[in-house]
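Enquirer: I need the structure of the sequence given here:
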Amino acid sequence: MTELQLSDAGPGTPAPLLSIDDLHVDIASRERTVHALDGISLDLAPGEALGVVGESGCGKTMTALSVLGLLPPGGAVTGGRILFDGQDLAAASAPTLQDVRGNTVGMVFQDPLTSLNPTMTIGAQVAEPLLLHREGIGRKEAWARAEEMLRLVGMPQPSERMKAYPHQLSGGMRQRVAIAMALVCEPKLLIADEPTTALDVTTQHQILELIDNLRRTLGMAMILVTHDLGVIANRVDRVAVMYAGKVAEQADVRDLFARPRHRYTEALFAALPERAAERGTELHTIPGLPPSLTVRPTGCRFAPRCLFATEECREREPELGPELAQELVPGSEASPGSETSLESEAPAHELVGAEHRFACFHPVPHGDAPEAQVVTPPPATATEPGEVLLELDALVKEFPLTGGPFARRRGTVSAVGGVSLTVRRGETFGMVGESGCGKTTLGRIVAGLEEPTAGTVRFDGRDLAGLSRTERRAHRRRIQLMFQDSTAAMDPRMRVGEILREPLVIQGVGTRADQERLTAGLLDAVGLPRGAVHRYPHEFSGGQRQRLGLARALTLSPDLVVADEPVSALDVSVQAQILNLMRELQHDRGLTYLFISHDLAVIRHLADTVGVMYLGKLVETGPAEQVYAAPLHPYTRGLLDTVNVPDPAVAAAGDREPLHGETPSAAKPPSGCRFRTRCPLAQDVCATTEPPVSTPNGAGHQVACHFPLAAPRLASRV
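Expert: The predicted structure is shown next:
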């Protein structure tokens, strides 16, 4: 049965540019067949932006790849149609699809580094679609148009970048190249698959603004695939929520955020750090895991994880249909305001909100806030910070800048430029800032993976520079690092048991039996089965691998864990699970965290103290609530204004002032205040004198700025 045809073109209604009708996609291997998509139906009007959201593995990316026939090995369309501009792409030949890709349909992939050819220059890659799809265009003209497109996407010094290779560009620049390649032929439809995952808030804002502006200029339609609900709230017209290979809910973006109807949508919203009752409380999580799609589930696919599921939900699958009015027409026997059923006869109710459709037997009642329908978890018990555990004093880290045939030193890169801070035992110190500001370098110095150029690192009262080699090796047990990419941090040839036992073996902790008992206890602590010791890292999901990364960091019972972007690439429900786990383990084991992230909502929820870094300098520190409610540095305020808040009303208000401009090179930082080249308050003194550290809001809240801000503005935005 066709799940839904979202809109029937009536008189005066333009025909859909893209119409996905009852699409089924299977992925077959020797062992099993995965029913990745099981009856997806979506329409997209010309010029419209559609957001597709859901947990990892729900079918978002598979839907996008199906349009262009880019299914993985073993993948095939087994039913349905994909009508694009009147042509069925599901049944199209390989040459036809080749003509569509990059020509009338452009695609921006999630990881631009892996989607770009490392052996080709940037100019050659951007010009390639023109040479393939535009007859009569020569290489010189294609090269000129490619340079023009790079300039259009905001690439600095485009003529020079044309000769560069992908590895020579930053992540944000590579994403701009990917966008230029997707748009150089001026397609009618742009598909963007997680285009800003793992980018900092300012780069994310620039990329999304760029896509929006180009979409309006070229009159393109867009499908935006992402797990970031803040991006969805600010950047699309309509949203489709997917779960387990099907569409669970579909609505106008403002309507969906104001009154979600499906219980799965409600649960996703409730898991957001912004929706937490207060800072530090346990986040809402969705129990269980999405179903395996090797066998088609019976009944509602969300029923095993839904708090409101009944026998009807387990036995019968709800259809995706229009919302029913909450008030009955005159003459009905039911009372106004009573819950309506999706199975009610059409004449008994007035149909409303034709664009708001959901597949749920027990939808969220009108007027209820999303979190009101989710069981509230018990508040987390806070640990009172104790004495100073970590102290950094005027810490400096410079890297040599070399070049030329003899690798001569041409200067230095100032990664960390004189940072001083203290972290108390039992607290979480959150470090935020743009990419390249020095956060990760600072964390690596604390973890002992980098040596400082100058300055002091004191841990538990001892200067680490004065430790002997034997003392340093023993000391490393007390500070552990949790990496951003848990997959790259684990040897793919080692089983989980070996990975967790390795530090115990190196440090000579206990016998083999003792080590196996400790490993089993670690798996219990992070919520993984003990049988995981026999499996390899690639056999786990992203959230499970991050749990393994946390277990690996806790193996030697450290005092301090440096967590470098541990949840940046996780969807909202898995992110909530990891953050809750980290908070629980902090309380149980007395851990201290140095938590590095570009996600300001996560930092606000988890951190006791916040430090804001810019171009190697610590520009503001203070209690999390004070920094967020009344930021003192213009850079901090700009960061907060740049965040995509998961509320369409905030974007519509138009009173935010996002950061603009590019971060200067760390090889040649500006004189005086390093932020002055982007600061709206900069004056002559900012160019000549480095700003001193002051405490205009009282002790504990420090800022390095000649003209600190005074008025609080964003107490409830992030």
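Enquirer: make it CA atoms for all contacts and neighbour counts henceforth
Expert: Noted.
Enquirer: so residue 387 sits against residue 425, correct?
Expert: Yes: here residue 387 lies in contact with residue 425, judged by CA atoms under 8 Å, at a distance of 5.8 Å.
Enquirer: more crowded one of the two?
Expert: residue 425 (21 against 11; other CA atoms under 10 Å).
Enquirer: give the contact list for the more buried one.
Expert: Taking CA atoms under 8 Å, 6 or more residues apart in numbering as the contact definition, residue 425 lies against 385, 386, 387, 388, 389, 590, 591, 592.
Enquirer: which of the residues you listed has the most neighbours?
Expert: Note: the member of the contacts of residue 425 with the most neighbours is residue 592, at 25 neighbours, neighbours being other CA under 10 Å.
Enquirer: quick check: the gap between it and residue 321.
Expert: Applying CA to CA, to the nearest Å, one obtains 49 Å for the distance of residue 592 from residue 321.
Enquirer: is it fair to say residue 504 lies in a helix?
Expert: Yes: applying DSSP: H, G, I helix; E, B strand; the rest coil, one finds residue 504 inside a helix.
Enquirer: what sits against it?
Expert: Contact analysis of residue 504 by CA under 8 Å, 6+ apart lists 510, 515, 555, 556.
Enquirer: read off the pLDDT value for it.
Expert: Here, the pLDDT recorded for residue 504 equals 92.
Enquirer: equivalent analysis for residue 485, please.
Expert: According to the predicted model, the pLDDT of residue 485 comes to 78.
Enquirer: in what helix or strand does the nearest residue to it once chain neighbours are set aside lie?
Expert: Closest residue in space to residue 485, ignoring its immediate chain neighbours: residue 566 at 7.6 Å, by CA to CA, 6 or more residues apart in numbering. Remark: residue 566 resides in no helix or strand, with elements defined by DSSP states H and E.
Enquirer: what's the burial count for residue 566?
Expert: Per other CA under 10 Å, the neighbour tally for residue 566 reads 24.
Enquirer: could you number the chain from 217 rather than 1 from now on?
Expert: Right, with 217 as the first residue, what we last looked at is residue 782.
Enquirer: any stretches of this structure with poor pLDDT?
Expert: Low-confidence segments of the chain (pLDDT under 70): 217-230, 414, 493, 539-570, 583-601, 619-623, 870, 927-934.
Enquirer: I figured residue 431 was touching residue 437, is that so?
Expert: Yes: using CA under 8 Å, residue 431 and residue 437 qualify as a contacting pair, with a distance of 7.0 Å.
Enquirer: so what sits against both of the two?
Expert: Common neighbours of residue 431 and residue 437 are listed as residue 263 (criterion: CA under 8 Å, 6+ apart).
Enquirer: show me what secondary structure element comes after the helix or strand that contains residue 360.
Expert: For residue 360, the element it lies in under DSSP H and E is helix 355-368. Sequence order places helix 374-377 as the next helix or strand after helix 355-368, per DSSP H and E.
Enquirer: so what touches that following helix?
Expert: 338, 339, 363, 366, 367, 371.
Enquirer: what do you get if the cut-off is 10 Å, keeping everything else the same?
Expert: With contacts defined as CA atoms under 10 Å, 6 or more residues apart in numbering, helix 374-377 is touched by 337-339, 360, 362-368, 371, 380, 384-385, 389, 393.
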